[in-house]
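Student: Return atomic coordinates for the entry below.
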Amino acid sequence: MAMRLLHVGFAVRDLEMTTAVWRTLFGIHWEPPVRHDLPDPDSGPDHVSLVTHGRTGDGVELEMVQTVSGPTIDAQVFGDREGMSHLAFQVDDLDAERARMIAAGVEVLGEGSAPRADWVFLRDARLGGLLVQLVQLHRD
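Tutor: Here you go, the predicted structure:
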């Protein structure tokens, strides 16, 4: 089963500075940052991050994520390191894909929902150190 690549995700410490450099060096224009406050499933502090998306000239979507507070997925897995964190794939049926991944022995790290989409983050040692995000976009 082939999935559609949705975006390449990066964990960054300073969203404003990083996107300004990518704009200057590579001509990428960024959407306004969106703050995501996701409740912790274990009743801990909320996972708060700032997220923006931009596209290269040939249409590849990049996502920059800055942890603001709490144990976001990037902070849990990568600590304070910056850099590529995940590949996101668009799926048509998130529940079915989550179940398929679990059956294949892949660990579900977390999931969330926003006005644009629902998603799940996955980790598996066989994936070469990157996380994978499966995303089901909401239909308009």
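
Student: So what's the residue count around Ala110?
Tutor: Heads up, residue 110 is Gly, not Ala. 20 (other Cβ atoms under 10 Å). Every residue, glycine included, has its C-beta placed from N, CA and C.

Student: got a pLDDT number for it?
Tutor: The model reports Gly110 with a pLDDT of 92.

Student: if I read this right, it contacts Leu122, doesn't it?
Tutor: No: Gly110 is beyond contact range of Leu122, at 9.5 Å (criterion: Cβ atoms under 8 Å).

Student: got the residue ranges for the strands in the protein?
Tutor: For the chain, the strands defined by DSSP state E cover 4-12, 34-38, 47-55, 61-69, 83-90, 107-113, 117-123, 131-137.

Student: Of all these, which one comes closest to Glu97?
Tutor: Proximity to Glu97 (Cβ to Cβ) singles out strand 131-137 among the strands of the chain, at 5.2 Å.

Student: what does the closest one rub up against?
Tutor: Residues outside strand 131-137 that contact it (Cβ atoms under 8 Å, 6 or more residues apart in numbering): 3, 6, 9, 73, 77, 85-94, 97-98, 101, 109, 116-124.

Student: Report all helices and strands that the lowest-mean-pLDDT helix or strand in the chain contacts.
Tutor: Using mean pLDDT, DSSP states H and E, helix 73-78 stands out as the lowest-scoring helix or strand of the chain, at a mean of 84. Secondary-structure packing of helix 73-78 (3 or more Cβ pairs under 8 Å, 6 or more residues apart in numbering; DSSP states H and E): strand 61-69, strand 83-90, strand 107-113.
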